[in-house]
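**Student:** This is a predicted model, with the sequence first.
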Amino acid sequence: MENHESMKTTTYLLICLLILGNNNAIGQTLKAERKVIVLDAGHGGIDSGTVSRNGLQEKDVVLDIVRQMKVWNRILFESKYDIYLTRRKDTLISLTDRTKLVKHLKPDVFISLHCNHINDSNIQGAEIYTYDSNELSLLYAKTILNKLNQDLGFKTRKPRKGNFQVLRETKEHCPALLLELGYLSNSSESHYLNGSQNRKALALSILMSI
Ligand SMILES: [Zn+2]
């Protein structure tokens, strides 16, 4: 993603700020139906997750994005969503503890955020895993992927099924997704994810899909 993509990021953020910033009613009309969202930034602490060639760590990328989603929720949506994070800092939390929060809250949606890595550095694109073909999970998955592509030109791949613990243990409680936000093994995507403006735009796009 070259310069025109960062232009796209900036334009996207500006348009969203204008539209949402001027719409004071949005928070009030929707507060009555506050959706509960649990966001899980993968890895943390000694577990850095995947690391790009220039040292960008998955655990930092995903933590920044979930934090930014909380910020957008507060400043643009007047806290329309109740957002809970499985981790707020650079700490390692067990998968069981991450899913405990979901079982307790029974949110409207649970999203675990990650970045991908593969030996073939040409491969790129965001992917979403669901445990099975749960209709609502698939609807969230498709909506998020479409929006990432339309809003930001982010390459996307088809939703896939994945037997991940965080999905397996939460599927009975809410729609559950594991979002892989691009490949840190791909130089174009790792460069994109390294930009804080781009991460803000990704956070906003995901939040608006929900
Ligand atoms: Zn991961």
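**Tutor:** Thanks, I have the structure now.
**Student:** For the rest of this, base every contact and every neighbour count on C-alpha atoms.
**Tutor:** OK.
**Student:** now residue 49, nearest residue through space, not along the chain?
**Tutor:** Of all residues not flanking residue 49 in the chain, residue 58 sits nearest, at 5.2 Å (C-alpha to C-alpha, 6 or more residues apart in numbering).
**Student:** tell me the phi and psi of the one you found?
**Tutor:** phi -50, psi -40 (degrees, to the nearest 10).
**Student:** Just give the number of residues close to it.
**Tutor:** A count of neighbours around residue 58, defined by other C-alpha atoms under 10 Å, yields 28.
**Student:** From what I see, it and residue 90 are in contact.
**Tutor:** No. Residue 58 lies out of contact with residue 90 (C-alpha atoms under 8 Å); the separation is 11.3 Å.
**Student:** about what we covered before: got the contact list for the residue nearest to residue 49?
**Tutor:** 42, 43, 48, 49, 50, 51, 114, 115, 184 (C-alpha atoms under 8 Å, 6 or more residues apart in numbering).
**Student:** go on, residue 114?
**Tutor:** Residue 114 neighbours (C-alpha under 8 Å, 6+ apart): 41, 42, 58, 59, 62, 178, 179, 180, 181.
**Student:** how about 10 Å then?
**Tutor:** Taking C-alpha atoms under 10 Å, 6 or more residues apart in numbering, we find residue 114 in contact with 40-43, 49-50, 58-59, 61-63, 126-128, 178-183.
**Student:** hey, what's it bridged with?
**Tutor:** Note on residue 114: beta-bridge partners by DSSP bridges are residue 180.
**Student:** can you pull out the strands in the chain?
**Tutor:** Secondary structure of the chain (DSSP state E): strands at 35-41, 81-85, 109-116, 127-130, 160-161, 176-183.
**Student:** then the first one to PDB, C-alphas only?
**Tutor:** Included here for strand 35-41 are C-alpha records, laid out as PDB according to Å, rounded to 0.1, in the frame of the first residue of the first chain:
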ATOM      1  CA  LYS A  35     -24.300  -3.200  22.300                       C
ATOM      2  CA  VAL A  36     -21.700  -4.900  24.500                       C
ATOM      3  CA  ILE A  37     -18.500  -5.800  22.700                       C
ATOM      4  CA  VAL A  38     -15.600  -7.700  24.100                       C
ATOM      5  CA  LEU A  39     -12.300  -7.000  22.300                       C
ATOM      6  CA  ASP A  40      -9.400  -9.400  22.800                       C
ATOM      7  CA  ALA A  41      -5.900  -8.100  21.800                       C
END
